[in-house]
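Undergrad: Sequence first, predicted model second:
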Amino acid sequence: MSGRKQKRQIRPGKGPEPHNGRGMSKTDHFPDKLLAWFAVHGRHDLPWQRSPNPYRVWISEIMLQQTQVETVRPYFERWMARFPDVDSLAGAGVDEVLHLWSGLGYYARARNLHRAAHIIRDEPGGRFPQTLDAVMALPGIGRSTAGAILALSMNQRHAILDGNVKRVLSRFHAVGGWPGKKTVENELWSLAELHTPTHDVAAYTQAIMDLGATLCTRTRPRCEACPLRADCLARQAGTQAAFPARRPKKARPLKATVMAIFLDGDGKVLLHKRPPSGIWGGLWSLPEFSTAADLREHLETSGIVDPQMETWPVMAHGFTHYQLAITPTVVRLQTLSDKIADDRAVRWIDPSAPPAMGLAAPVSKLLDQMVQASVA
DNA sequence: AATACGGGGAA
DNA sequence: TTCCCAGTATT
């Protein structure tokens, strides 16, 4: 990348220029107003705010990436009781680390904490790294988390840009475009740096996160209580709901599957338990085949002769990442010997009285349809 | 049911 | 570099 002549005229979305709009005057009142508000209304009693050393802040930030404050609190306390510092974490087995994490999900993050603890301990000096680049070099820590750790625990001047801050800044400056886009994210980073004060960085960092978490919320922001309301461009235009722009919904790839509804003579339906990971992990579902031909082949292989099959209209099911077209196919098994025995992973259930088991959503729908069809 | 979340790894 | 994904909570 040699030619970087295009400075920064990339302004996705519309709205006034952020840098000379209101709220970006020569003296920036943004941090002062925020700090004054924080002194009165901010949270000052969170567990990780007591002796906020880099280790404690680090652990709290990773936990808070995925879980809200009240849920994190007990996890954090248990963690600190068992792993009060980097050495105790590095000295533990990964299984115990995962055990203390269990319930929080995203286990890769716990593994990264463990790996990073080893790296820090084995560093010459064995101290927590003190520069942004060195902190970012640790697994599981990116720019925002690194900035938060150094700002909150050492009052170093670094900007942060977590989800709360993105929301506050994109509203305040009416920055359009989805923050997941690199150009938009860069714009927000430069605004975050512009507002970050040279004094009280730790308080400021907590303040802007608190504002996003308590007032400048995704839905129904409480603008009337916001210390920044006078200069907030979104507030002035009444367009708070438009920021930050949502991820553009991309055309999701279409996948197709055949779900077999095996019906025995008693009107019971065959379900099987899905593997613990992947789509519908651990839930009960109908047997799936990629095509109707596959289903027929499977039946032949199983020695089921001349099965009575009935294809239902395609049912669409939307996932975050793709669209699934389900072709339900009823297969009536004719003889008792066709019936597959119950098993830990296979069960015959009465569709009109499904037992308390985790069912994939479209499976519940299909079972309902079964009942409707048999009544009609 | 759709979406947000920060970072890692794939493309 | 950019895109896509994970696993849960929230709306």
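TA: Nice, I can see it. Residues are numbered from 1 along each chain as shown, chains lettered A, B, ... in the order given.

Undergrad: for A:Pro31, what are its contacts?
TA: A:195-197, A:200, A:204 (Cβ atoms under 8 Å, 6 or more residues apart in numbering). Backbone N, C-alpha and C define where each C-beta goes, glycine included.

Undergrad: most neighbours, which of these?
TA: Using other Cβ atoms under 10 Å as the neighbour test, the contacts of A:Pro31 are led by A:Tyr204, with 25 neighbours.

Undergrad: wait, is it part of a strand?
TA: No - assigned with DSSP: H, G, I helix; E, B strand; the rest coil, A:Tyr204 falls outside any strand and is helix.

Undergrad: CA-only coordinates of stretch A:35-47 in CSV, if you can.
TA: This file holds the C-alpha atoms of stretch A:35-47, laid out as CSV (Å, rounded to 0.1, in the frame of the first residue of the first chain):
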residue,chain,number,x,y,z
LEU,A,35,-16.9,13.8,33.8
ALA,A,36,-19.2,16.1,35.7
TRP,A,37,-22.1,13.8,35.0
PHE,A,38,-20.0,10.7,35.9
ALA,A,39,-19.1,12.2,39.3
VAL,A,40,-22.7,12.3,40.2
HIS,A,41,-24.4,9.5,38.2
GLY,A,42,-21.7,7.1,37.3
ARG,A,43,-21.0,3.7,38.9
HIS,A,44,-18.3,3.8,41.4
ASP,A,45,-18.8,0.6,43.3
LEU,A,46,-18.2,-2.2,40.8
PRO,A,47,-15.9,-5.0,42.0
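
Undergrad: ok, and what's touching it?
TA: A:49, A:60, A:69, A:73, A:76-77, A:80, A:197, A:200, A:203-204, A:206-207, A:210-211, A:214, A:225-227.

Undergrad: Against DNA strand C, which of these make the cut? List them.
TA: Contacts with DNA strand C within the contacts of stretch A:35-47, counted by Cβ under 7 Å from any atom of the strand: none were found.

Undergrad: Please, a ChimeraX command that selects the buried ones among the residues you listed?
TA: In ChimeraX, a selection of the buried entries from these looks like this (16 or more other Cβ atoms under 10 Å):
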select /A:60,69,73,76,80,197,200,203,204,206,207,210,211,214,226,227
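
Undergrad: any idea what sits nearest A:Ala192, other than its immediate chain neighbours?
TA: A:Ala159 (3.9 Å; Cβ to Cβ, 6 or more residues apart in numbering).

Undergrad: wait, is the one you found part of a helix?
TA: No - using three-state DSSP, the secondary structure at A:Ala159 is coil, not a helix.

Undergrad: What's the per-residue pLDDT of the closest residue to DNA strand B within the stretch 1-150 of chain A here?
TA: DNA strand B sits closest to A:Gly142 of the stretch 1-150 of chain A, with a gap of 2.5 Å, by Cβ to the nearest atom of the strand. Model confidence at A:Gly142, given as pLDDT, is 95.

Undergrad: so who does it touch?
TA: So A:Gly142 contacts A:Met136 (Cβ under 8 Å, 6+ apart).

Undergrad: elements contacting the lowest-mean-pLDDT helix or strand in chain A?
TA: The least trusted helix or strand in chain A, going by mean pLDDT, DSSP states H and E, turns out to be strand A:315-318, with a mean of 76. Helices and strands touching strand A:315-318, by 3 or more Cβ pairs under 8 Å, 6 or more residues apart in numbering; DSSP states H and E, are strand A:323-332, helix A:361-375.

Undergrad: Can you give the distance of it from its chain's centre?
TA: 23 Å (Cα atoms, centre = their mean, to the nearest Å).

Undergrad: does any bit of it sit next to DNA strand C?
TA: No - using Cβ under 7 Å from any atom of the strand, strand A:315-318 never reaches DNA strand C; the gap is at least 13.3 Å.

Undergrad: tell me which residues in that strand are buried?
TA: A:His317.

Undergrad: and if you look at stretch A:73-93?
TA: Buried, per 16+ other Cβ under 10 Å, within stretch A:73-93: A:73, A:75-76, A:79-80, A:83, A:86, A:89-90, A:92.

Undergrad: Please render these as JSON lines that adds distance to DNA strand B, secondary structure and pLDDT to the earlier fields.
TA: Shown next, in JSON lines, are the buried residues of stretch A:73-93 (distance: Cβ to the nearest atom of the strand, whole Å; DSSP: H, G, I helix; E, B strand; the rest coil; pLDDT from 0 to 100):
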{"residue": "A:Arg73", "distance to DNA strand B": "18", "secondary structure": "helix", "pLDDT": "91"}
{"residue": "A:Tyr75", "distance to DNA strand B": "16", "secondary structure": "helix", "pLDDT": "91"}
{"residue": "A:Phe76", "distance to DNA strand B": "16", "secondary structure": "helix", "pLDDT": "93"}
{"residue": "A:Trp79", "distance to DNA strand B": "18", "secondary structure": "helix", "pLDDT": "94"}
{"residue": "A:Met80", "distance to DNA strand B": "21", "secondary structure": "helix", "pLDDT": "95"}
{"residue": "A:Phe83", "distance to DNA strand B": "19", "secondary structure": "coil", "pLDDT": "95"}
{"residue": "A:Val86", "distance to DNA strand B": "17", "secondary structure": "helix", "pLDDT": "95"}
{"residue": "A:Leu89", "distance to DNA strand B": "16", "secondary structure": "helix", "pLDDT": "95"}
{"residue": "A:Ala90", "distance to DNA strand B": "17", "secondary structure": "helix", "pLDDT": "95"}
{"residue": "A:Ala92", "distance to DNA strand B": "20", "secondary structure": "coil", "pLDDT": "93"}
